[in-house]
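Trainee: need a 3D model of the following:
(one chain, ligands or ions: 1)
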Amino acid sequence: MLNSIYRATEGEGIHVGTPQVFVRFQGCNIGCVNCDSTDTWEFEDLLGMTMEKVLVDVHEKANKGRIRRVSITGGDPLHPKHVPMVKKLVRELKARRYFINLEASGARLVHEVFDAIDFISFDYKTPSTGVKTPLENIKQLAEQYQGRFQIKSVIENEDDFRYVLRAAEQLGDFDFPWVLTPAFNLGELLPFERFKKIIQWNEESGALFRVIAQQHKVIHGAEKKQV
Ligand code: SF4
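Mentor: Numbering: from 1, shown residues only. Predicted coordinates for the structure are as follows:
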């Protein structure tokens with residue numbers, strides 16, 4: 001069940017600025033209240049492509065294979081309904097020697113997928129999303145996938161920041177990248193004040209995080225898709 005396949009330059013997290021091909025799965029039942037892609041919630045196949053066609057399309061959009069990175073995203077690509085196709089896609093892309101990143105909602109660890117890909121971008125949800133990520137999930141990632149993942153948290157307000165700070169302090173010394181992304185909501189102008197405050201809170205409270213904006217939204221606006 002796919003929503004779209006497109007080439008874009010990574011706009012967030014530690015790989016910001018890196019061109020890649022995004023394969024977006026269609027279907028998510030996590031229900032973040034501030035989700036910026038509710039159009040990906042319904043489980044349906046918008047593309048109707050065979051795996052063979054998907055691979056040809058990825059190759060074409062990767063400038064005939066010159067771009068070597070693919071990001072699997074959603075929706076929630078790790079929803080059980082998607083996992084069989086994700087596994088098949090990963091197998092085929094690895095056979096073609098692509099670097100594979102997967103955007104995980106934070107709700108679940110799927111080892112059979114994580115073991116086969118190169119990098120995991122894993123959400124730790126904040127109170128403003130209305131969704132809770134078990135801290136146990138982050139501990140497991142740290143134990144099993146050291147050097148192969150980042151945590152991402154979208155920060156809407158100071159409550160969100162303090163919540164993430166408490167979680168990070170509970171983990172004690174950690175040595176993986178934890179990225180704070182200032183929320184840049186639909187219909188909003190550039191969130192410079194929120195951005196500056198998050199930088200300030202982070203500097204004042206131990207500098208545990210990396211604060212990185214969603215550059216694609218800065219460039220194209222919060223509404224534009226496939227950028
Ligand atoms: S996990 Fe992602 S796609 Fe699903 S509701 Fe949350 S933000 Fe939206």
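Trainee: in this structure, mark out all the helices, start to finish.
Mentor: Secondary structure of the chain (DSSP state H): helices at 51-61, 83-95, 111-114, 135-144, 158-171, 192-204, 215-220.
Trainee: what sits opposite the nearest residue to Ala62 once chain neighbours are set aside in the beta ladder?
Mentor: Spatially, and ignoring its direct neighbours in sequence, Ala62 is nearest to Val21 (4.9 Å; CB to CB, 6 or more residues apart in numbering). From N, CA and C alone the C-beta is placed, and that goes for glycine too. Beta-bridge pairing of Val21 under DSSP bridges involves Arg7, Val70.
Trainee: can you count the residues close to Val21?
Mentor: By other CB atoms under 10 Å, 23 other residues sit near Val21.
Trainee: in contact with it, which residues?
Mentor: For Val21, the contacting residues are Ile5, Tyr6, Arg7, Val58, Lys61, Ala62, Ile67, Arg69, Val70, Ser71, by CB atoms under 8 Å, 6 or more residues apart in numbering.
Trainee: would you mind listing what in this structure touches the ligand?
Mentor: Selection of the chain residues close to the ligand by CB under 6 Å from any ligand atom yields Cys28, Ile30, Gly31, Cys32, Cys35, Ser37, Thr40, Gly74, Gly75, Asp76, Ser105.
Trainee: out of the residues you listed, which are buried?
Mentor: Cys28, Ile30, Cys32, Cys35, Thr40, Gly74, Gly75, Asp76, Ser105 (16 or more other CB atoms under 10 Å).
Trainee: give me the contact list for stretch 24-35.
Mentor: Applying CB under 8 Å, 6+ apart, the external contacts of stretch 24-35 come out as 1-6, 40-46, 72-77, 79, 81-82, 85-86, 105, 107, 125, 128-131, 154, 156, 183, 185.
Trainee: measure stretch 117-135 end to end?
Mentor: Stretch 117-135 has an end-to-end distance of 22 Å (criterion: CA to CA, to the nearest Å).
Trainee: scratch that, stretch 198-217
Mentor: End-to-end distance for stretch 198-217: 18 Å, by CA to CA.
Trainee: okay, buried residues for that stretch please.
Mentor: Ile198, Trp201, Asn202, Phe209, Val211, Ile212, Ala213, Gln214, His216, Lys217.
Trainee: residue nearest the centroid of this protein?
Mentor: Centre of the chain computed as the mean C-alpha position; nearest residue by CA atoms, centre = their mean is Glu103, 3.5 Å away.
Trainee: what sits against that one?
Mentor: Each residue near Glu103 by CB under 8 Å, 6+ apart is listed here: Ser71, Ile72, Thr73, Gly74, Pro77, Ser121, Asp123.
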